[in-house]
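> sequence plus the predicted model coming up.
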Amino acid sequence: MGVDLNSADEVDRIKGDISSNDSKSDTGKYRRIVKKYLPLLYVIFLMLPIYSLVCYSFKTEFEIKNSITPIPMIGTLANYKAIFGDRQSYMALVNSLLYVVMNNAISLVVAVPAAYGFSRYSFLGDKHLFFWFLVSRMTPPATVAIPLFQLYSALGIIDTHFAVALAHCLFTVPIAVWILEGFISAVPRELDEIAQLDGYSFPHFFIKILLPAIAPGIGVTAFFCFIFSWVEILLANWVTTIDAVPFGSIILRAGMALGLNPLGWISAMAVLAIIPGVLLIYFVRDHLAKGFALGQIE
Amino acid sequence: MKPINNRSFFYILPALIVVGGSTIIPLAAIVNFSVQDVFYGNDFIWVGPKWFIQVLSSKEFYDTLLRTFAFSATVMIIEVPLGILIALSLPRKGRLIPFYIIAIAIPLMIPWVVVGLMWLLIIHPQWGSLGALLSLIDLQIDANNMIVAWSIIVFVDVWHWTSLTILLCYSGLLAIPDMYYQAAKIDGAKRWNLFRYVELPKIKRVLMIAILLRFLDSFMVYAEPFILTRGGPGKSTVFLSQSLMLTASKQFDLGHSAAVSLIYLSIIVLFSWILYKVM
């Protein structure tokens, strides 16, 4: 494994060598230094606003409005206490988590067989179907909002977590099928045949052999379904009224209708909304690059 | 070759039902609305292409469409080269890599509403950290200026979404075998040529996916302009999704918004198809 590590470092070195051969002048040297620190600078650029938000969330309303300091000078947990003390606020976060988990479950349950079908067999209209899945990823949520509302009202599921989970399948299922198809195609088809010869029934094979073989793929898929559902607000807001209201709606209300008031509460709520995503990235960090690389496997 | 088995359609069926419920049925309803007029909520009258003619002959629709295209083009022109540049300058291996990956992926995980409100707070002239800093040197972020309003939205989008291009390109770059680089060194290649003839062809596919995804999402942009500028000043930052939600929810103009929806969707599908073919 040591060889592997060295060779990768070597590529970085070669790239550096090639750049330096290019330009021996001072401007070239300057450019190289900028480039060396570019990723770090970019990360700082990404993190500053988030840091700022975290600071706000630990400041009192008075401090936010009367002084600009890079760290909270007084420091308070009042904003977070306010959220966890108010049923509507914390339930909004719970609601969002609930429909995201539901969406994840639905997406995976329907996408794994679909991906298996697309990956293993050709059948009448398979290409068209695959493209049609992509089209549903292209549908702007704004265009289907009204009909979805009417449909869910007719079904009597409006203002339930299930409704939001189902609405979000619009873009999570296509992504899930697409990612999983790549992972299943990477598993040799011989595995299916060997399992059959060994006397595994199909459901048994599916659960005992195929699913473990594509476990990282399932993790990556769940990750993507989670983000797409967690960040979406238009449909989530549109098909809920009281009981299943997502956190986005109540932040939006405080931010827009009430004119950024109360500021500390909004910041704390926003910080809480960022946390699940950060935790999730931390858990899948090793598979993330792999998941993103899937595009080129086909 | 994959074996032909028409029964494998049944593997797809559950996914088809779930997704069909949220696309085919609503789209059928939209087609239905787009050729009828509704009175008192339940009287439907056939009006033929009236709504389409109305939409396609309104200047407002073209203005909004053009703005949306301009927005997509602007963010892609900034995000794609910037993403490639940063992906190229990330080291291929090292202890810092997990740190970089996590940090770069974080903006993608933040709900759109939160991104919008976070920046709204930060650029607030009195309370915002950036806004107050700029006030110190007598610079005001004046959201009533059209150029400033546009810059804010583009800036926030760049902050939010360049990460996607970076991560996609980076994973593409990682897949290039080491020997390509060694060969380039032996040949005495220039940095630009190394990029142009070795790296770019290898990341072309992921790059196209990045461009396609960025096109789709920027063309559907909703929450950020809605929060940051409320479409203002005037209508200079109203994009298609927002104008559609406005006609649909405030005026409840079903026929008109259905016609807009269908045209909107056709444009997206057409452009994605062109990109897909170019890939």
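Looks like it arrived, so ask away. Numbering: from 1, shown residues only, chains lettered A, B, ... in the order given.
> need phi/psi at residue A:160.
Dihedral pair for residue A:160: phi -120, psi 160, per degrees, to the nearest 10.
> give me phi/psi at residue 125?
As the question left the chain open, I've gone with chain A. For residue A:125, the backbone dihedrals are phi 80, psi 20 (criterion: degrees, to the nearest 10).
> not what I meant, chain B
Torsion angles, degrees, to the nearest 10, at residue B:125: phi -60, psi -30.
> is any part of the helix or strand encompassing residue B:260 close to chain A?
Using DSSP states H and E, residue B:260 sits in helix B:254-278. Yes: for helix B:254-278, a contact with chain A is found by C-beta under 8 Å from any C-beta of the partner chain, at B:254, B:257, B:261-262, B:264-265, B:268-269, B:272, B:276. In short, each C-beta sits where N, CA and C put it, glycine included.
> all strands for the chain, in order.
By default, I'm working from chain A. Under the criterion DSSP state E, chain A contains no strands.
> right idea, wrong chain: chain B
Counting by DSSP E, the strands of chain B are B:36-39, B:43-46.
> same for the last one, what does it pack against?
What it means is strand B:43-46. Secondary-structure packing of strand B:43-46 (3 or more C-beta pairs under 8 Å, 6 or more residues apart in numbering or on different chains; DSSP states H and E): strand B:36-39.
> my read: residue B:222 touches residue B:243, true?
No: the criterion here is C-beta atoms under 8 Å, and residue B:222 misses it with residue B:243 at 10.3 Å.
> so what's the residue nearest the centre of chain A up against?
By C-alpha atoms, centre = their mean, chain A has its centre lying nearest to residue A:227, at 2.0 Å. By C-beta atoms under 8 Å, 6 or more residues apart in numbering or on different chains, the contact set of residue A:227 is A:277, A:280, B:108-109.
> and of the residues you listed, the nearest to residue A:19?
Residue A:19 has its nearest neighbour among these in residue B:108, at 29.3 Å by C-beta to C-beta.
> so what's the residue lying closest to the closest one once chain neighbours are set aside up against?
Once flanking residues are discounted, residue B:108 sits nearest to residue B:163: 5.3 Å by C-beta to C-beta, 6 or more residues apart in numbering or on different chains. Counting by C-beta under 8 Å, 6+ apart, residue B:163 makes contact with A:46, B:83, B:104-108.
> can I get these in CSV including pLDDT and distance to residue B:190?
What follows is the contacts of residue B:163, written out as CSV (pLDDT from 0 to 100; distance: C-beta to C-beta, whole Å):
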residue, pLDDT, distance to residue B:190
A:46, 92, 31
B:83, 93, 22
B:104, 90, 28
B:105, 87, 32
B:106, 89, 35
B:107, 91, 34
B:108, 88, 34
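> could you dump the residues you listed to CSV with distance to residue B:188?
Output for the contacts of residue B:163, formatted as CSV (distance: C-beta to C-beta, whole Å):
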residue, distance to residue B:188
A:46, 37
B:83, 29
B:104, 33
B:105, 37
B:106, 40
B:107, 39
B:108, 39
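> thinking again about what came up before, winner for burial among the strands of chain B?
Among the strands of chain B, strand B:36-39 has the highest mean neighbour count (mean count of other C-beta atoms under 10 Å in any protein chain shown), at a mean of 14.
> which single residue in the stretch 51-200 of chain A comes nearest to chain B?
Across the stretch 51-200 of chain A, no residue is closer to chain B than residue A:117, which sits at 2.9 Å (C-beta to the nearest C-beta).
> what is the neighbour count of residue 202?
No chain in the question, so chain A it is. 11 (other C-beta atoms under 10 Å in any protein chain shown).
> hm, I was asking about chain B
Counted with other C-beta under 10 Å, the burial measure for residue B:202 works out to 17 neighbours.
> next one: the one 4 residues further on
Residue crowding around residue B:206 was assessed by other C-beta under 10 Å; the count is 24.
> check residue A:209 too.
Around residue A:209 there are 16 residues (other C-beta under 10 Å).
> and for residue B:35?
17.
> let me see the contact set for it.
So residue B:35 contacts B:46-49, B:51, B:255 (C-beta under 8 Å, 6+ apart).
> which two of the contacts of residue A:227 have the greatest separation?
Farthest apart among the contacts of residue A:227 - using C-beta to C-beta - are A:280 and B:108, which lie 10.9 Å from each other.
> just how off-centre is the lengthiest helix in chain A within its chain?
As assigned by DSSP state H, the longest helix anywhere in chain A is helix A:87-120. Distance of helix A:87-120 from the chain centroid (C-alpha atoms, centre = their mean, to the nearest Å) equals 12 Å.
> may I see the buried residues of that helix?
For helix A:87-120, burial by neighbour count (16 or more other C-beta atoms under 10 Å in any protein chain shown) applies to A:89, A:91-93, A:95-100, A:102-104, A:106-108, A:110-120.
> tell me the mean pLDDT for that helix?
The pLDDT scores in helix A:87-120 average 89.
> sorry, back to before: helices or strands next to the helix holding residue B:260 in the packing?
helix A:126-138, helix A:141-155, helix B:24-34, strand B:36-39, helix B:50-56, helix B:200-219, helix B:240-245.
> roughly how far is the longest helix along chain B from the heart of the chain?
Taking DSSP H as the criterion, chain B has its longest helix at helix B:59-89. Relative to the chain's own centre, helix B:59-89 is displaced by 8 Å; criterion: C-alpha atoms, centre = their mean.
> just want the residue of the stretch 51-200 of chain B that's nearest chain A.
For the stretch 51-200 of chain B, C-beta to the nearest C-beta, closest residue to chain A: residue B:109, 2.6 Å.
> so that residue makes contact with residue A:280?
Yes: using C-beta under 8 Å, residue B:109 makes contact with residue A:280 at a distance of 6.9 Å.
> more neighbours: these two, which one.
residue B:109 (22 against 19).
> got a list of what the more buried one touches?
Going by C-beta under 8 Å, 6+ apart, residue B:109 touches A:227, A:230-231, A:274, A:276-278, A:280-281.
> at 6 Å what do you get?
The neighbourhood of residue B:109, defined by C-beta atoms under 6 Å, 6 or more residues apart in numbering or on different chains, consists of A:227, A:277.
> any idea how far it lies from residue A:164?
Applying C-beta to C-beta, to the nearest Å, the value for residue B:109 to residue A:164 is 18 Å.
> tell me where the model's unsure across chain B.
B:1, B:39-42, B:251, B:279 (pLDDT under 70).
> farthest from the middle of it: give me that residue.
Chain B, C-alpha atoms, centre = their mean, max distance from centroid: residue B:186 (41.3 Å).
> buried only: go through the contacts of residue B:163 for me.
A:46, B:83, B:104-108.
> nearest residue to residue B:216 other than its sequence neighbours?
residue A:138 (5.7 Å).
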